[in-house]
Structures are given as structure tokens and as C-alpha cells.
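Chemist: Dropping a prediction and its sequence here:
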Amino acid sequence: MVDQDHFLVIEDVYKSYGSKVILDNIDLKVSRSTFCTVVGPSGCGKSTLLRLILGQEASDSGKILLDGIPIGFADERRGIVFQKYSLFPHLTVLDNVALGLRLNRSAGLTNKEIKTTVMEYLARVRLDQHSSKYPHELSGGMRQRVAIVQALIKKPKILLMDEPFGALDPGTREDLQLFLLEHWEESKMTVFFVTHDLEEALFLGNRLLVLSQYYQDDRGSHKGHGAKLVADYHLKERAQPTEIKNSPRFIEFIKRIREQGFDPDLLQHARDFNLAHPDSFQTLTVDESRQ
Ligand SMILES: Nc1ncnc2c1ncn2[C@@H]1O[C@H](COP(=O)(O)OP(=O)(O)OP(=O)(O)O)[C@@H](O)[C@H]1O
């Protein structure tokens with residue numbers, strides 16, 4: 001039966017690599033137009049979950065439905081942006097963005113129509129002047145803008161993003177966050193966004209998921225394998241970056257998220273959230289002294 005309320009449904013999904021359990025019976029329902037951000041310690045399985053939703057890999061068991069249909073292999077319903085390597089190096093900016101439209105024969109667009117559409121999209125991210133350049137001639141921020149429009153132009157039903165802004169400097173990152181938010185507000189597409197950056201997760205998302213490989217069972221004893229969703233917040237309002245950094249409410253909230261994602265009794269401590277990854281998030285240091 002199609003679940004009308006939930007656009008993305010993940011049921012009992014289990015994934016291992018060899019003898020190592022990565023995702024341990026994940027259950028998740030996401031309504032249409034949600035901007036879902038996913039945080040969790042390095043190596044806990046965030047990208048693996050995203051790859052399963054993309055259809056790039058298959059789960060060992062369980063099912064994933066998109067709009068009531070089993071996801072199968074990657075298709076035009078899902079757009080993807082990685083931190084790097086989303087672009088073809090031998091194609092110009094224009095050709096990289098046009099590729100998806102050219103491959104989609106059912107859209108029946110002429111070459112001229114494709115070019116016009118691509119140039120409109122490029123103009124929106126201020127890259128229309130760079131359409132004939134190759135990826136290596138662009139800055140990191142420009143490349144990510146191309147990668148985003150390359151995904152958006154195909155009008156995916158869900159946009160999957162794996163640390164898309166992780167390698168960018170703060171100014172460029174903010175620019176792209178704002179562009180993404182504007183587009184999301186206009187298009188109301190569903191977004192599934194993996195990040196190490198809790199500030200980014202709180203600024204962009206209206207639902208925040210915390211994935212962690214450490215969790216307690218019903219009797220309160222610890223299990224040490226396979227990631228679970230350990231927290232799920234429906235955020236009522238968008239948090240502004242200064243508010244996140246300075247308001248006691250957010251500092252407390254972040255502290256709680258860290259405690260949920262990292263059990264101090266186990267080897268991986270909450271501090272690892274910040275330290276384990278070069279792209280990690282500054283705000284976490286704010287309450288470090290309170291520990
Ligand atoms: N193809 C693979 N074969 C074997 N192990 C893998 C494979 N892909 C990922 N892993 C392992 O699965 C675990 C989860 O990896 P994953 O990249 O999903 O974590 P992550 O939370 O996205 O990490 P990060 O935050 O550092 O990007 C890691 O221990 C990783 O080494």
C-alpha cells in the first residue's frame with residue numbers, strides 16, 4: 001500500500017560490509033518537501049545510507065521506497081551532489097549541466113532549448129559567463145555550483161547531498177547554503193543532506209537526524225555495532241548562524257545532540273564530533289569548556 005504521507009520510506013534496512021555491520025535496521029519516514037539534515041560521527045554510515053537511497057548500492061535486507069515505489073537503481077527521481085567529483089572533467093560547464101537533459105530523450109528538447117535552459121540555470125548561480133570553461137578552470141565553489149545546477153536541472157524529486165559544501169571556504173559555503181535554501185523554498189523538493197557541520201545542519205534543515213553506531217538497547221545496556229538513528233528532531237524554525245553560536249538554547253541543544261550521537265562511556269567521545277574530520281564544525285567548541 002502506498003504511504004501517502006511519506007515520500008521516502010526506509011524500513012528495517014540492514015547493511016554490512018563483510019563481517020562489519022554498518023547500518024542496523026534503520027527505520028525512517030520522510031514527508032515530501034522535508035529538508036532532512038543528517039549528522040553523526042565520522043565513519044558511522046551516513047554516506048552509506050545516502051548511497052542506499054541513491055540506489056548506488058543495495059541493502060542486505062529491508063526496503064526503501066520513494067513515493068511508494070521500491071527505489072531500484074539510480075534514476076532521474078534522485079539528484080546527487082557529492083563533496084567532489086560530481087563533474088566530468090572533459091566536458092565544459094555547459095555540457096556538464098546539459099548532459100542530464102540530453103540523456104533524457106523523453107523530455108524531447110531540441111539542442112537550442114537545452115542550451116537556453118542550461119544558460120538560465122547557470123545565470124541563477126552567476127556562472128553564465130563561464131559556460132565554456134572546463135571544471136579544472138573553476139574554483140571549488142564554482143565547481144560545486146555547477147554540480148548543484150547539474151542535479152537541479154533534471155528536477156529530481158529528491159536531492160541527495162553528501163557533504164556538498166565540506167571543502168569550501170566559509171564565505172562560498174554560506175553563498176551556496178543560501179542558494180540551496182532559496183531553491184528549496186521555491187521548488188519544495190525533498191532534500192537529504194549529510195554533513196559534519198551541526199551549524200549547517202541546523203541552519204538548513206527542518207528535520208535533523210542523528211546517526212550513531214553506539215546506542216542502548218531496551219534494558220539500557222550498550223551495543224557497539226551497526227548505526228542507528230539515535231535522534232530525530234522536527235525543527236519548527238530556521239536557526240540563524242549567529243543565534244546558533246550565541247543563544248544558550250542552541251548551545252544546550254547542540255550539547256544534547258552530541259550526547260545522543262556519542263556516548264562518553266564508550267571509546268568515541270562527543271569531542272570526536274568536532275575533531276575527527278577537517279571539515280567539522282566550529283560551534284561545537286563553544287561549549288567545550290562546559291564539559
Ligand atoms: N565499499 C566499502 N567497503 C567496505 N567498507 C566500507 C565501504 N564503504 C564504507 N565502508 C565502511 O563503512 C563505514 C561507514 O562509512 P561511511 O562512509 O558511510 O561513513 P560516514 O558516516 O559517511 O563517514 P564520514 O563522516 O567520515 O564521511 C566506515 O567504517 C567505512 O570504512
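Modeler: Arrived safely. Numbers count the residues shown, from 1 in each chain.
Chemist: what's the nearest residue to residue 61 once chain neighbours are set aside in contact with, if anything?
Modeler: Counting by C-beta to C-beta, 6 or more residues apart in numbering, residue 61 lies nearest to residue 14, which is 4.7 Å off, once chain neighbours are set aside. Bear in mind the C-beta positions are built from the backbone N, C-alpha and C, glycine included. Applying C-beta atoms under 8 Å, 6 or more residues apart in numbering to residue 14 gives the contacts 21, 23, 24, 25, 26, 59, 60, 61, 62, 226.
Chemist: quick one: the second one from residue 144, how far?
Modeler: Distance, residue 23 to residue 144, by C-beta to C-beta, to the nearest Å: 27 Å.
Chemist: just the fifth one next, same as before
Modeler: Separation of residue 26 from residue 144 (C-beta to C-beta): 28 Å.
Chemist: Which one's more surrounded, these two?
Modeler: More crowded of residue 26 and residue 144, by other C-beta atoms under 10 Å: residue 144, with 28 against 25.
Chemist: Quick check: which element contains the more buried one?
Modeler: Residue 144 belongs to helix 140-152 when assigned by DSSP states H and E.
Chemist: List of residues touching the helix or strand where residue 181 lies?
Modeler: In the assignment (DSSP H and E), residue 181 maps to helix 170-187. With contact meaning C-beta under 8 Å, 6+ apart, helix 170-187 is reached by 35, 124-125, 139-141, 144-145, 148, 152, 155, 164-165, 168, 191, 200, 203-204, 238, 241.
Chemist: switch to 10 Å and redo it
Modeler: For helix 170-187, the surrounding residues in contact (C-beta atoms under 10 Å, 6 or more residues apart in numbering) are 33-35, 81, 124-126, 139-142, 144-145, 148-149, 152, 155-156, 159, 161, 164-168, 189-191, 193, 197, 200, 203-204, 206, 238, 241, 279, 282.
Chemist: Next, please give the residue ranges for the helices of the stretch 151-291 of the chain.
Modeler: 170-187, 198-204, 241-246, 248-261, 272-275 (DSSP state H, counting those that start in this stretch).
Chemist: which other residues reach the third one?
Modeler: What it means is helix 241-246. Taking C-beta under 10 Å, 6+ apart as the rule, helix 241-246 contacts 170, 174, 177, 198-203, 237, 239-240, 249-251, 253-254, 281-283, 286.
Chemist: Any of the residues you listed buried? List them.
Modeler: Among the contacts of helix 241-246, the ones that count as buried by 16 or more other C-beta atoms under 10 Å are 177, 198-203, 239, 250-251, 253-254, 281, 283, 286.
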